[in-house]
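Asker: Let's see this in three dimensions:
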Amino acid sequence: MLESKLKKEIREYVKSRGAFWSTVTGGVSSKPGDPDLILCYKGRYVALEVKQGRKKAEALQAHRLQQIHDAGGMAAVVRSIIDVELVLDAVDKGRRPDGPVDFISGQNVLGVYI
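Answerer: Here you go, the predicted model:
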């Protein structure tokens, strides 16, 4: 599936769960490595970097996700609606991983197992 199609499906899914979403586009107010989607879900800041297949977050993207996590937000690299569902379910349960999650590897985005 194309990454653009997956992003559209994710936007529709998070909206159906009651989340507010916004996309980050290049410009004077954006920073290099900003995640693809920013959500407000049940009062939590959630950042999603959308990847296709086995692609990993680039170093700057991983760094930005770590910064979001360190500031108290939830951050994840997602590749499917199921990944997004797991992130939102964790928010529902009041759980927060030890670092930004990359669902393909079971590691956080900086390579540390969680």
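
Asker: List the buried residues of the longest strand along the chain.
Answerer: If you go by DSSP state E, the chain has its longest strand at strand 44-50. Using 16 or more other C-beta atoms under 10 Å as the test for burial, strand 44-50 gives 44, 46-50. In short, each C-beta sits where N, CA and C put it, glycine included.

Asker: Can you name the residues in contact with that strand?
Answerer: Strand 44-50 is contacted by residues 3, 6-7, 10, 19, 35-40, 57, 61, 64-65, 68, 71-79, 84, 87-88, 91, 109 when judged by C-beta atoms under 8 Å, 6 or more residues apart in numbering.

Asker: same question, stretch 76-93
Answerer: So stretch 76-93 is contacted by 6, 9-10, 13-14, 17, 19, 41-42, 44, 46-53, 56-57, 61, 65, 74, 96-97, 100-104, 109 (C-beta under 8 Å, 6+ apart).

Asker: ok so, going back, quick one: which of the contacts of strand 44-50 sit in strands?
Answerer: Per DSSP E, the contacts of strand 44-50 map to strands at 37-40, 74-78.

Asker: tell me the contacts of S30?
Answerer: With C-beta under 8 Å, 6+ apart, S30 has these contacts: V24.

Asker: got a pLDDT number for it?
Answerer: Per-residue pLDDT puts S30 at 70.

Asker: Look up how far A90 lies from the closest residue to L39 other than its chain neighbours.
Answerer: Leaving aside its chain neighbours, L39 sits nearest to V46 (4.1 Å; criterion: C-beta to C-beta, 6 or more residues apart in numbering). Using C-beta to C-beta, to the nearest Å, we find V46 at a distance of 10 Å from A90.
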